[in-house]
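Visitor: no FASTA, just this:
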């Protein structure tokens, strides 16, 4: 029997933040992290390839937050490189900034751009935003034309590929993430803090785990060893909550991703991310060299991203809980089974979290002292 004070399932960002905080609070207590993959860092995992390029194995991770507490906490473990994410989308024959903003309007509607810009500013004010599903109900003919164009050319196709369903089938928390910016600001995020770890997320997480009382067991399925594990204080679980309870109420649905990586002799795009809402089977192409523009590379690496419905027998991990009311209700049934186990992260909470939200949630556990 393996005995520990704390057992944490998952060495992704949620599990590692909890392990680090527990180690600091309880220097004399033992902490075990059980990780199914053969590496730490979860979906944040990155590595340096043979060309010296830092590759994000599970898709682009761009850190952004308005939460000063989260920023200060992570800054203990990494130096940062300022990075402001910019995204282009192929819309008809143009590559336009996404989310749709005033520059996008001028590119796609050159003949009536001034009228549209003036009407958007009059309706919403400068430097504000409006959800596409709100704009689509506009009475003004030109604004309605703009909204329909954005919905059909930017929003609809991407949503169907990403989620396997139409936008109106999803919770409003997803559709509200796609605004129109009444601004020339072409950054994807407007948060106060935007950067990437100077040496990558994996190096940052290695430092978070650099504690004498933290042990990490890689390449190990928790369910294969749970009968051999004993913990005296608490179990933290960042995997799928329905799997933890052996799907006793049925399976929660998830979306997964497949990545096709290609090495190129030269760059093929001007930014890290280009979306393809309507063309091809993939949703986007990530080109990693643009994260580190201060380096000279002799090659470039891209990843084409293909979403698909997660199958519980799949080799690919689940990425996204599917935000629908019926799924939220099923999650609540699972959550009500046992309050002694702490479920965290996207899969444990069945929530579409950004990285900073994961960190903030885990730090909040220690603010209340309710789960230490």
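Guide: Yep, that arrived. Values in this document were obtained by computation on a predicted structure and should not be read as measured data. Residues are numbered from 1 along each chain as shown.
Visitor: can you pull out the low-pLDDT segments for the stretch 151-300 of the chain?
Guide: Scanning the stretch 151-300 of the chain for pLDDT under 70 picks out 175-177, 294.
Visitor: contacts only, for the residue of the chain most remote from its centre.
Guide: Distance from the centre of the chain peaks at residue 111, with 37.2 Å (CA atoms, centre = their mean). Listed by CB atoms under 8 Å, 6 or more residues apart in numbering, residue 111 has no contact partners. For every residue, glycine as well, the C-beta is placed using N, CA and C.
Visitor: same question for residue 347.
Guide: 238-241, 254, 318, 321.
Visitor: and it, helix, strand or coil?
Guide: Under the three-state scheme (DSSP: H, G, I helix; E, B strand; the rest coil), the conformation of residue 347 reads as helix.
Visitor: residue 69 reaches residue 363, doesn't it?
Guide: Yes: counting by CB atoms under 8 Å, residue 69 touches residue 363, with 6.6 Å between them.
Visitor: which residues in the stretch 1-150 of the chain form strands?
Guide: 2-9, 31-34, 46-48, 54-56, 63-65, 80-82, 87-91, 94-98, 128-131 (DSSP state E, counting those that start in this stretch).
Visitor: dump these to JSON lines, plus distance to residue 263 and mean pLDDT.
Guide: Shown next, in JSON lines, are the strands of the stretch 1-150 of the chain (distance: least, CB to CB, whole Å; pLDDT from 0 to 100):
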{"stretch": "strand 2-9", "distance to residue 263": "35", "mean pLDDT": "97"}
{"stretch": "strand 31-34", "distance to residue 263": "33", "mean pLDDT": "98"}
{"stretch": "strand 46-48", "distance to residue 263": "14", "mean pLDDT": "98"}
{"stretch": "strand 54-56", "distance to residue 263": "10", "mean pLDDT": "98"}
{"stretch": "strand 63-65", "distance to residue 263": "26", "mean pLDDT": "98"}
{"stretch": "strand 80-82", "distance to residue 263": "23", "mean pLDDT": "97"}
{"stretch": "strand 87-91", "distance to residue 263": "22", "mean pLDDT": "97"}
{"stretch": "strand 94-98", "distance to residue 263": "23", "mean pLDDT": "95"}
{"stretch": "strand 128-131", "distance to residue 263": "38", "mean pLDDT": "89"}
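Visitor: give me the neighbour count for residue 286.
Guide: By the measure other CB atoms under 10 Å, the count of residues near residue 286 is 23.
Visitor: sorry, that was for residue 366
Guide: Applying other CB under 10 Å, I find that residue 366 has 16 neighbouring residues.
Visitor: now do the same for the helix or strand containing it: mean pLDDT, whole number.
Guide: Secondary-structure assignment from DSSP states H and E places residue 366 in helix 355-368. Helix 355-368 comes out with an average pLDDT of 93.
Visitor: what comes up buried for it?
Guide: 355-363, 365-366 (16 or more other CB atoms under 10 Å).
Visitor: and of the residues you listed, the nearest to residue 349?
Guide: residue 361 (7.4 Å; CB to CB).
Visitor: from residue 367, how far out is that closest one?
Guide: Between residue 361 and residue 367 the computed distance is 11 Å (CB to CB, to the nearest Å).
Visitor: that older thread, ok, so of the buried residues of helix 355-368, who is nearest residue 198?
Guide: When the buried residues of helix 355-368 are compared against residue 198 (criterion: CB to CB), the nearest one is residue 355, at 16.3 Å.
Visitor: wait, the closest one touches residue 13, no?
Guide: Yes: in this structure, residue 355 is within contact of residue 13 by CB under 8 Å, at 6.1 Å.
Visitor: overlap of the contact sets of these two?
Guide: Joint contacts of residue 355 and residue 13 (CB under 8 Å, 6+ apart) are residue 44.
Visitor: ok, back up a step: confidence score at the residue farthest from the centre of the chain?
Guide: For residue 111, pLDDT reads 95.
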